[in-house]
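In: whatever this is, show me its structure:
(2 chains)
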Protein chains: 2
Amino acid sequence: MEIRFSYSRLLSFSERVFCAMGCSEADAALAAEVLLSADLRGVDSHGVARLSGYVRLWEAGRICATPDIRIVHETPSTATVDGGGGLGLVVAPFAMRVAMDKARQTGSGWVSVRNSNHFGIAGRHAMQALGEDMIGIAMTNASPLVAPTFSRERMLGTNPIAVAVPAGEEPPFVADFATTTAANGKLEMLQRRGEQAPLGWVQDAAGQPSTDPHVLKQGGALLPLGGDREHGSHKGYCMGAIVDLFSAVFSGANYGPWAPPFVSFLPLADDPVGEGLGHFFGAMRADGFRPLEDFKQHMDRWIRRFRSATPVAGQERVLIPGDPEREAEGVRREAGIALLQPVAADLGQLAEKFGLEL
Amino acid sequence: MEIRFSYSRLLSFSERVFCAMGCSEADAALAAEVLLSADLRGVDSHGVARLSGYVRLWEAGRICATPDIRIVHETPSTATVDGGGGLGLVVAPFAMRVAMDKARQTGSGWVSVRNSNHFGIAGRHAMQALGEDMIGIAMTNASPLVAPTFSRERMLGTNPIAVAVPAGEEPPFVADFATTTAANGKLEMLQRRGEQAPLGWVQDAAGQPSTDPHVLKQGGALLPLGGDREHGSHKGYCMGAIVDLFSAVFSGANYGPWAPPFVSFLPLADDPVGEGLGHFFGAMRADGFRPLEDFKQHMDRWIRRFRSATPVAGQERVLIPGDPEREAEGVRREAGIALLQPVAADLGQLAEKFGLEL
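Out: Predicted coordinates:
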């Protein structure tokens, strides 16, 4: 069963929850906007469904509501930001702003972040650059749930990459994808429906191919994009590893199996190799490579040519990265956001805990 | 049947062929070294086996042996380089040098390239940064052989991405991968052996899944990493698209289905959207994010932890990106490079054409 909420109602509620955690009003408004951007764009697993998860991390002392977010190392076009243990939802826009300011000055800016927490959807942060005619890049490491090619152990997170490129008359190109075959949220959907997973999504605790969507709770692992060696899983492993290095080894965050879990009931590593979770952001001026008008004109032409590619039988059209999410946003801003009953109940409990109206 | 050649013999021969094309001695030496780096690293499809292909492109007037390679647009940390229609094998190291010089000055450098040709293996160019304690990134677009998710048409190349990260006592991390499930070279191996391809590698001319390794000659296409929608091919499509945009839309090269083919018998598009093929390079100072010693120490720790991950049954160990290629190089520098008989015969014909000794 689903219950429909207006966007503004969920936004306002999330903002008040973050305020109740002790965030400043500005931080609470920003965190709510970033969190809800996932629901708007149809990425239900990363939006308001995670609000109670952030609260539990705060209760466990793993999120600081009033962080000291600051640049700790820099060159004219690079920097490392310490997130002060704050909400990634707040740390990420700060770091992306640093990258954009550097890009404004020197053509590009690249910022690695340590001591942060989960930052919502990567696409939102990459898109922050679009309004200033910049290319935006965002990535993050995450709880270790993924086994590299040939590994029985879970060593990497789903480690998403987002790239946003501004166009002219066409809407921007916005790629935002986990570096695994499928993200955990899709497994949870299969569990609820009692269905099996396709081969290539997960392996069991012994490292053997599996179709059981419950296998992560039994020591199994998600698989890198590609699924198995024959289908190129070493390439998905490379991408997940690159995200981990850029986000955490560059900055001094925890990497690989040391990355802190999102769920507060799992313990932190007792031998951390850094501080908190890591992210990586980039911004490049579109006019750092060619005159802006040329850039936009050719982006439009690229988008139109790909959108008009002959589709295979049974498919209406070839999509441009960002199309489905933009269409979801168009619908949901007006028609509201339908939450699964357990998610709505979860918000109800948060309302009760903090004495708020949902 | 295979015929073994010493590395120095193939290097010298390739250098003399490039000289015979009219390249300067310095360019010929560089081009030969870059070309042979593929054979050394075990990527046989991109090495000396392609030498005659470069010669045919030169004969067709599609490669200029004495190019005017120059920066045509720049900011302190970004640039666009025009390759003057030269060998990508020579243009790429020039552009990578520009990226590294900018990184030396401002922390990072990012260079998009137009009017170039195929540049050999991406990994070689990314690795150019390692000697100066920089992270190196290289990518290129390529002949359109790949169908995006839901497309019947071939719109993208195999569009590889390489990322090299320096370590301390451990050898560097070097990822170098096509953004497709499998590259064309692997299909050719199956053809020679009379074997079928796994599902997820190719589709036929109608856009249906196929296991026929000959299908590319009949209007079929390679598939993006992931293979099909259920296994995340839209993510491989995103990556291939990002490489195309960064390499060609940024610079003013031909993109998507307009990318010029490597084989000289296929015509160029009669409505080009840019000049030649495009590449993209990046360099970031490792000490642009944290002190160099910390950086290297944590790279070592990352590498050692991943290399010691428990392997699945039947596998000896988990590999670090770059391990297999480095091991191949160790063997081949000493023991020589075994060429398939048709490749050796091809070199014999080149020797005859130019009156050279092989």
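
In: C-alpha from now on. contacts and neighbour counts both.
Out: Will do.

In: nearest residue to A:A99 in space, ignoring adjacent ones along the chain?
Out: Leaving out its chain neighbours, the residue that sits closest to A:A99 by Cα to Cα, 6 or more residues apart in numbering or on different chains is A:G109, at 4.1 Å.

In: identify the residue of the stretch 201-350 of chain A closest to chain B, quick one.
Out: In the stretch 201-350 of chain A, no residue comes nearer to chain B than A:P311, which is 4.4 Å away by Cα to the nearest Cα.

In: wait, what's in contact with that residue?
Out: Going by Cα atoms under 8 Å, 6 or more residues apart in numbering or on different chains, A:P311 touches A:R317, A:V318, B:F150, B:S151, B:R152, B:E153.

In: JSON lines for the residues you listed, including distance to A:V215, secondary structure and pLDDT?
Out: Formatted as JSON lines, the contacts of A:P311 follow (distance: Cα to Cα, whole Å; DSSP: H, G, I helix; E, B strand; the rest coil; pLDDT from 0 to 100):
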{"residue": "A:R317", "distance to A:V215": "35", "secondary structure": "coil", "pLDDT": "97"}
{"residue": "A:V318", "distance to A:V215": "33", "secondary structure": "coil", "pLDDT": "98"}
{"residue": "B:F150", "distance to A:V215": "30", "secondary structure": "coil", "pLDDT": "98"}
{"residue": "B:S151", "distance to A:V215": "33", "secondary structure": "strand", "pLDDT": "98"}
{"residue": "B:R152", "distance to A:V215": "36", "secondary structure": "coil", "pLDDT": "98"}
{"residue": "B:E153", "distance to A:V215": "38", "secondary structure": "coil", "pLDDT": "97"}
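
In: got the residue ranges for the helices in the stretch 1-150 of chain A?
Out: A:7-20, A:25-40, A:51-59, A:88-106, A:122-127 (DSSP state H, counting those that start in this stretch).

In: could you list the buried residues of the longest one?
Out: Burial within helix A:88-106, assessed by neighbour count using 16 or more other Cα atoms under 10 Å in any protein chain shown, is assigned to A:88-104, A:106.

In: what's the answer for the second one, then?
Out: The neighbour-count check on helix A:25-40 (16+ other Cα under 10 Å) flags A:27-40 as buried.

In: ok, residues contacting the worst-scoring helix or strand of chain A on mean pLDDT?
Out: Of all regular secondary-structure elements in chain A, judged by mean pLDDT, DSSP states H and E, the least confident is helix A:184-193 with a mean of 85. Where contact means Cα under 8 Å, 6+ apart, the residues beyond helix A:184-193 that reach it are A:S45, A:Q196, A:A197, A:P213, A:H214, A:L222.

In: hmm, who's touching the helix or strand that that helix is followed by?
Out: Next helix or strand after helix A:184-193 toward the C-terminus (DSSP states H and E): strand A:202-203. Applying Cα under 8 Å, 6+ apart, the set of residues contacting strand A:202-203 from outside is A:P209, A:S210, A:T211, A:D212, A:P213, A:V215, A:L216, A:G220, A:A221, A:L222, A:L223, A:G227.

In: how does it look with 10 Å?
Out: A:145-147, A:152, A:180-182, A:184, A:187, A:208-216, A:219-224, A:227-228 (Cα atoms under 10 Å, 6 or more residues apart in numbering or on different chains).

In: strand partners (parallel or antiparallel) of it?
Out: strand A:209-210 (antiparallel), strand A:221-222 (antiparallel) (DSSP bridges).

In: out of the buried residues of helix A:25-40, the closest to chain B would be?
Out: Lowest distance from chain B to these (Cα to the nearest Cα) belongs to A:A38, with 18.1 Å.

In: most centrally placed residue in chain A?
Out: A:I121 (3.0 Å; Cα atoms, centre = their mean).

In: returning to that earlier point: most tightly packed of the strands paired with strand A:202-203?
Out: Of all those, strand A:221-222 carries the top mean neighbour count, a mean of 30, counting by mean count of other Cα atoms under 10 Å in any protein chain shown.

In: quick one: A:Q341 from A:R193, how far?
Out: Taking Cα to Cα, to the nearest Å as the measure, A:Q341 falls 15 Å from A:R193.

In: between these two, which has more neighbouring residues?
Out: Per other Cα atoms under 10 Å in any protein chain shown, whichever of A:Q341 and A:R193 has more neighbours is A:Q341, with 13 against 9.

In: quick one: the strands in the stretch 151-300 of chain A?
Out: Secondary structure of the stretch 151-300 of chain A (DSSP state E, counting those that start in this stretch): strands at A:161-165, A:173-177, A:202-203, A:209-210, A:221-222, A:277-285.

In: need those strands in a markdown table (columns: distance to A:S251).
Out: Output for the strands of the stretch 151-300 of chain A, formatted as a markdown table (distance: least, Cα to Cα, whole Å):
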| stretch | distance to A:S251 |
| --- | --- |
| strand A:161-165 | 17 |
| strand A:173-177 | 22 |
| strand A:202-203 | 30 |
| strand A:209-210 | 35 |
| strand A:221-222 | 26 |
| strand A:277-285 | 7 |
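
In: how about those strands in a markdown table, adding mean pLDDT?
Out: As requested, these are exported to a markdown table (pLDDT from 0 to 100):
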| stretch | mean pLDDT |
| --- | --- |
| strand A:161-165 | 99 |
| strand A:173-177 | 98 |
| strand A:202-203 | 98 |
| strand A:209-210 | 96 |
| strand A:221-222 | 97 |
| strand A:277-285 | 98 |
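
In: which of these sits closest to B:E170?
Out: Minimum separation from B:E170 across the strands of the stretch 151-300 of chain A (Cα to Cα) falls at strand A:277-285, 22.7 Å.

In: what strands line up against the closest one, and which way round?
Out: By DSSP bridges, strand A:277-285 pairs with strand A:108-116 (antiparallel), strand A:134-140 (antiparallel).

In: out of those strands, which comes closest to B:M127?
Out: strand A:108-116 (19.9 Å).

In: buried residues, the closest one. List them.
Out: A:S108, A:G109, A:W110, A:V111, A:S112, A:V113, A:R114, A:N115, A:S116.

In: quick check: A:S37 touching A:G120?
Out: Yes: assessed by Cα atoms under 10 Å, A:S37 is found in contact with A:G120 at 8.3 Å.

In: need the overlap of contacts for these two.
Out: Joint contacts of A:S37 and A:G120 (Cα under 10 Å, 6+ apart) are A:A31, A:V43, A:H46, A:G47, A:V48.

In: just give me the neighbour total for A:I71.
Out: 17.

In: what of A:S6?
Out: So A:S6, with other Cα under 10 Å, has 14 neighbours.

In: wait, it sits on A:L358?
Out: No: if you go by Cα under 10 Å, A:S6 and A:L358 don't touch, sitting 11.3 Å apart.

In: dump the C-alpha coordinates for stretch A:244-258 into PDB.
Out: In PDB, the C-alpha atoms belonging to stretch A:244-258 read as follows (Å, rounded to 0.1, in the frame of the first residue of the first chain):
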ATOM      1  CA  ASP A 244      37.000   4.600  -3.200                       C
ATOM      2  CA  LEU A 245      40.500   6.000  -3.900                       C
ATOM      3  CA  PHE A 246      39.300   9.400  -5.000                       C
ATOM      4  CA  SER A 247      36.900   9.800  -2.200                       C
ATOM      5  CA  ALA A 248      38.800   8.300   0.700                       C
ATOM      6  CA  VAL A 249      42.500   7.600   0.100                       C
ATOM      7  CA  PHE A 250      42.900  11.100  -1.400                       C
ATOM      8  CA  SER A 251      41.100  12.800   1.500                       C
ATOM      9  CA  GLY A 252      41.900  10.700   4.600                       C
ATOM     10  CA  ALA A 253      38.500   9.100   5.000                       C
ATOM     11  CA  ASN A 254      37.900   5.400   5.700                       C
ATOM     12  CA  TYR A 255      38.200   3.300   2.600                       C
ATOM     13  CA  GLY A 256      37.300  -0.200   1.400                       C
ATOM     14  CA  PRO A 257      36.100  -2.500   4.100                       C
ATOM     15  CA  TRP A 258      36.700   0.200   6.700                       C
END
